[in-house]
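**Q** Any chance you can model this:
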Amino acid sequence: MANAREIQGRMKSIKDTMKITSAMYMVSSSKLQKAKRDLKNTEPYFELIQDSLAKMLDAVPDAGTKYFDKRKHKDFMHRTAGYLVITADKGLAGAYNHNVFKLAEKKISEDGPDMLFVVGQLGRHYFEKKGIPVDINFKYTAQNPTMNRARHIARRLVELFEEEKIDDVYVIYTQVVNSLKIEAVCKKILPLKAEKIEMHDNHLVDHYNEATFLPDAETVFEHIVPDYVTGFVYGALVESFCSEHNARMLAMQTATDSANDMIKELSIAYNRVRQASITQEITEIVGGSHKNRN
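**A** Numbers count the residues shown, from 1 in each chain. Now for the predicted structure:
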């Protein structure tokens with residue numbers, strides 16, 4: 001059994017670690033709340049874009065044909081899928097990054113020739129180590145996602161789709177299901193599906209009936225689609241950022257709880273050692289007094 005000094009040293013070490021995990025929990029909580037506010041503030045803008053696209057499709061069903069092109073003339077073996085994989089820049093977030101890597105590898109192995117686009121330092125290192133080539137390395141930090149980054153990424157993906165260098169565009173990211181659960185998902189953003197472009201606010205239908213699209217609905221539609229894709233990419237970046245910090249909060253909370261349990265166990269062990277030491281000292285004193293009397 002360890003002596004009292006050793007136990008005290010272990011308890012001090014654990015308490016120092018608890019200060020770190022508690023601080024990381026608070027930082028992640030603050031960043032999570034900020035990211036949620038940013039996403040909430042931008043949602044109305046992108047919902048309005050989707051409403052505009054829905055109305056234009058209603059007025060001109062053939063608008064934006066190239067963005068709905070499913071490339072039916074290409075068979076499965078000759079189709080190229082592009083995957084935008086969003087990871088974190090650092091660990092200590094439970095299984096957050098592992099789940100993204102696992103899903104990405106599964107999707108890449110299932111399809112034919114692919115192009116891989118990565119956001120996040122851990123993702124870049126992971127695929128380099130695995131020998132999986134990254135076609136475009138968006139060297140943005142995964143922290144504090146911005147509209148400018150999302151716009152640049154979306155513009156590049158749309159260009160590759162228009163040039164028919166990729167036939168299907170997917171985004172692999174992590175979304176928050178609830179406060180205790182996050183999951184990695186893979187969603188297709190191109191080609192578009194008309195049935196998924198619906199109006200959020202039906203009260204605006206009458207206003208759109210009076211709208212005029214210049215120079216024509218086709219041109220306006222093609223101009224707005226990149227912004228529509230930008231909205232999805234930005235949402236995925238923010239969702240991943242929120243998921244990362246939600247996972248880190250859970251991991252730090254679990255670590256803090258485990259540390260508390262360890263301190264309780266060590267406190268009991270320390271008290272036992274201390275009590276044994278006191279008992280031994282009393283025994284030695286009593287034994288010494290008996291000898292003196294004799």
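**Q** only C-alpha atoms for contact and neighbour calcs from this point on.
**A** Noted.
**Q** For stretch 74-84, output the C-alpha coordinates as CSV.
**A** The C-alpha coordinates for stretch 74-84 follow below in CSV (Å, rounded to 0.1, in the frame of the first residue of the first chain):
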residue,chain,number,x,y,z
LYS,A,74,-22.4,7.6,-67.3
ASP,A,75,-22.4,4.1,-65.8
PHE,A,76,-21.4,3.5,-62.2
MET,A,77,-17.8,2.6,-63.0
HIS,A,78,-17.2,5.9,-64.8
ARG,A,79,-18.9,8.2,-62.3
THR,A,80,-16.7,10.4,-60.1
ALA,A,81,-17.9,11.2,-56.6
GLY,A,82,-16.5,14.1,-54.7
TYR,A,83,-16.4,14.0,-50.9
LEU,A,84,-16.0,17.0,-48.7
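**Q** Residues contacting it, please?
**A** Contacts to stretch 74-84, defined as C-alpha atoms under 8 Å, 6 or more residues apart in numbering, come from residues 111-119, 165-172.
**Q** Would you list the phi and psi of the closest residue to I136 other than its chain neighbours?
**A** Once flanking residues are discounted, I136 sits nearest to F117: 4.9 Å by C-alpha to C-alpha, 6 or more residues apart in numbering. Main-chain torsions, F117, degrees, to the nearest 10: phi -120, psi 130.
**Q** dump the residue contacts of F117.
**A** 82-85, 134-138.
**Q** from those, which two are the most distant?
**A** Pairwise distances across the contacts of F117 peak at 13.8 Å for G82 and F138 (criterion: C-alpha to C-alpha).
**Q** So between these two, which is more surrounded?
**A** Neighbour totals were compared for G82 and F138, and G82 leads with 25 against 18 (other C-alpha atoms under 10 Å).
**Q** By mean pLDDT, flag the weakest helix or strand of the protein.
**A** None of the helices or strands of the chain scores lower by mean pLDDT, DSSP states H and E than helix 205-209, at a mean of 55.
**Q** returning to that earlier point: mind checking which of the contacts of F117 are in strands?
**A** Those of the contacts of F117 mapping onto strands are 82-85, 136-138, per DSSP state E.
**Q** Can you select the buried ones among the contacts of stretch 74-84 for me in ChimeraX?
**A** Buried members of the contacts of stretch 74-84, defined by 16 or more other C-alpha atoms under 10 Å, are picked up in ChimeraX with:
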select :114,115,116,117,118,119,166,167,168,169,170,171,172
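**Q** The contacts of stretch 74-84 in strands, which ones?
**A** Among the contacts of stretch 74-84, the members falling in strands (DSSP E) are 114-119, 168-172.
**Q** excluding its backbone neighbours, what's nearest the residue nearest the centre of the chain?
**A** Residue closest to the average C-alpha location in the chain (C-alpha atoms, centre = their mean): S240, at 2.1 Å. Leaving out its chain neighbours, the residue that sits closest to S240 by C-alpha to C-alpha, 6+ apart is T174, at 4.9 Å.
**Q** by contact count, what packs against the helix or strand the one you found falls within?
**A** Applying DSSP states H and E as the criterion places T174 in strand 168-178. Helices and strands touching strand 168-178, as assessed by 3 or more C-alpha pairs under 8 Å, 6 or more residues apart in numbering; DSSP states H and E, comprise strand 81-86, helix 96-110, helix 147-162, strand 181-190, helix 217-293.
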